[in-house]
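**Student:** make a model of this:
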Amino acid sequence: ARARARARARARAMSRGFWTYKDLKEAHQTYETIEAADPNNPAKHFYMGMTMQMAGQTESADEHYENFCKRCIEFFGSILQAVEFHEKRLQDLKAQGQTTFDDREAYNVQEMIHILRGIRTIYAIHAIYAIHAIHAIHAIHAIHA
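**Tutor:** This is a model prediction of the structure:
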């Protein structure tokens, strides 16, 4: 019970951005393990992003999170399919009794989903702006025709 309480407190602290050196080291080791096993795995960029974020390198972290999303599109075919894959993975972890409060893997999968959903929203906004720009160009051509 005490170990579970400590794990939950640690997960809450991590979600607020309070990481320890051990957390940083584990994130970087996970990146290196994935890189060695499967260099095309998108998750390696997520873990390097976490490493950079924990080290206070937010610009570098953002670049790695963006690369994570790009590689997910290449790997899964779309952001939606990547989100669905990670949501299924999180459900499987929860079915095994793991929670985002006391299990690092479940916590990380949840964070991957948040990042992918965020980039999906950004892509949707860009698509809306592009549609408006096309309509504006057509309107200008119609005026000058």
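
**Student:** secondary structure element holding residue 69?
**Tutor:** Per DSSP states H and E: residue 69 is located in helix 58-76.

**Student:** now do the SS call for residue 98.
**Tutor:** coil (DSSP: H, G, I helix; E, B strand; the rest coil).

**Student:** what about the helix holding residue 69, average pLDDT?
**Tutor:** Here helix 58-76 scores 89 as its mean pLDDT.

**Student:** contacts only, for residue 98.
**Tutor:** Shown in contact with residue 98 (Cβ atoms under 8 Å, 6 or more residues apart in numbering): 105, 106. Every residue, glycine included, has its C-beta placed from N, CA and C.

**Student:** ignore the last one, residue 44
**Tutor:** Residue 44 touches 31, 34, 35, counting by Cβ under 8 Å, 6+ apart.

**Student:** in JSON lines, list those along with neighbour count and pLDDT.
**Tutor:** Output for the contacts of residue 44, formatted as JSON lines (neighbours: other Cβ atoms under 10 Å; pLDDT from 0 to 100):
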{"residue": "31", "neighbour count": "20", "pLDDT": "71"}
{"residue": "34", "neighbour count": "19", "pLDDT": "78"}
{"residue": "35", "neighbour count": "16", "pLDDT": "77"}
